[in-house]
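K.L.:
Let's see this in three dimensions:
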Amino acid sequence: MHRISKTYLYINLLGLLMLVYSCSQEGSPEAPPAKDLLAKSWQIESIETAGQRISHAGFSIQFYPNGDFNFTTQGIPGFPNSGKWVLNTDRNEIILNSNIALKIIGRIQANKLVFEYTYKNHKMGDVVTQFNLK
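P.N.:
Numbers count the residues shown, from 1 in each chain. Reported below is the predicted structural model:
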């Protein structure tokens, strides 16, 4: 009787291990690399400067797979219209033209990107502009 319960226990443990292993192998497919998720034409949901929503009619943001970018973002001081972009090694900043850092908020997702651009203003000091994209 004691031997049967040990055998039963071992069979159940083996079954459980097989189940856990098979589930971990069948999980969702690996997410594409962040750089691949970033390279696309983004739709702008909202833009806030110093906590105030600003009109983004006519704005566009495009990151290309070859490392180029094109932005149409009038009225944001120092924000470039075109050039080269790279994702830093920690994947928490997009570097534009080797000298402008866009701080990524959260994770880059296929349908969501939030980043902040900070510039200096002689009256207000550091001014943060947050872009919410989809």
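K.L.:
helix or strand right after the helix or strand of the chain with the lowest mean pLDDT?
P.N.:
Least confident helix or strand of the chain, by mean pLDDT, DSSP states H and E, is helix 2-26 with a mean of 58. Note on helix 2-26: by DSSP states H and E, the next helix or strand toward the C-terminus is helix 34-38.
K.L.:
Now find how far off-centre that next one is within its chain.
P.N.:
Helix 34-38 sits 8 Å away from the centroid of its parent chain (CA atoms, centre = their mean, to the nearest Å).
K.L.:
Give me the residues contacting it.
P.N.:
For helix 34-38, contacts defined as CB atoms under 8 Å, 6 or more residues apart in numbering pick out 31, 63, 65, 87, 91, 94, 107-110, 113. Where C-beta positions appear, they are placed from N, C-alpha and C, glycine not excepted.
K.L.:
Can you flag the buried ones in the residues you listed?
P.N.:
63, 87, 94, 108, 113 (16 or more other CB atoms under 10 Å).
K.L.:
Identify the farthest-apart pair in those residues.
P.N.:
Leu87 and Leu113 (11.5 Å; CB to CB).
K.L.:
Flag the shaky bits of this protein, pLDDT-wise.
P.N.:
1-29, 31 (pLDDT under 70).
K.L.:
circling back to that earlier point, and the furthest pair within the contacts of helix 34-38?
P.N.:
It's Pro65 and Arg107 that sit farthest apart of the contacts of helix 34-38, by CB to CB, at 19.3 Å.
K.L.:
and the gap between the residue nearest the centre of the chain and Phe115?
P.N.:
Centroid-nearest residue in the chain: Ile108, 1.3 Å away (criterion: CA atoms, centre = their mean). Look at Ile108 and Phe115: by CB to CB, to the nearest Å, they are 9 Å apart.
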